[in-house]
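1. please work out how this folds:
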Amino acid sequence: MEMSIAEIADRFTILKLKVERLPENDDIIYLFSLFNEELGYELSKLSSEIKASVEKKIQALYNINAVTWSLEAEIRRGAIDEEKYLEEIGRRTILIRDNNKKRVAIKNDICKLVGHISGLDIKIDHRSE
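-> Below is the predicted model:
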């Protein structure tokens, strides 16, 4: 694959969430297996110390993506109190933005750990770093 380990890890964690939370889908399972294999290959090239650090970052990325998924899921399901709908949508949007900031920071940390400077995601005029 022609992408940084951070991007592979991000897509891997999102696919893992899909495998865990959506009805079984052969396409998602196939993509998950491809990204799992590619992530394993990229991790195998790292020293044990850096690999352990990256694996911790990948777990953090999974956790952040899980929180974002949950915030978005209730909006998609329409499970928000109608009386406070706009207020709740605004609150969740801010939380999703803040989670995305953390997600980008974790991906950048992974790139720095492995020396993939070209994979850094630098936002201008955004809240993400």
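2. gap between D10 and L22?
-> Using Cβ to Cβ, to the nearest Å, D10 is found at 18 Å from L22. Yep, even glycine has a C-beta here, placed from its N, CA and C like the rest.
3. so which of these two has more stuff around it?
-> The residue with more neighbours, out of D10 and L22, is D10; 24 against 9, by other Cβ atoms under 10 Å.
4. residues of the host helix or strand of that one that come out buried?
-> In this assignment (DSSP states H and E), D10 forms part of helix 5-21. For helix 5-21, the neighbour count (16 or more other Cβ atoms under 10 Å) marks 5-19 as buried.
5. same question for stretch 53-65.
-> For stretch 53-65, by 16+ other Cβ under 10 Å, it's S53, V54, K57, I58, A60, L61, Y62, I64, N65.
6. of these, closest to N36?
-> Here the nearest of the buried residues of stretch 53-65 to N36, counting by Cβ to Cβ, is I58; it sits at 11.3 Å.
7. thinking that closest one is in contact with A9, fair?
-> Yes. With contact defined as Cβ atoms under 8 Å, I58 reaches A9; the gap is 4.8 Å.
8. returning to that earlier point: which is the next helix or strand following the helix holding D10?
-> Taking DSSP H and E, what comes next after helix 5-21 is helix 26-44.
9. and that next one, what does it pack onto?
-> helix 5-21, helix 48-77 (3 or more Cβ pairs under 8 Å, 6 or more residues apart in numbering; DSSP states H and E).
10. including distance to S118, could these go into a markdown table?
-> Shown next, in a markdown table, are the helices and strands packed on helix 26-44 (distance: least, Cβ to Cβ, whole Å):
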| stretch | distance to S118 |
| --- | --- |
| helix 5-21 | 11 |
| helix 48-77 | 17 |
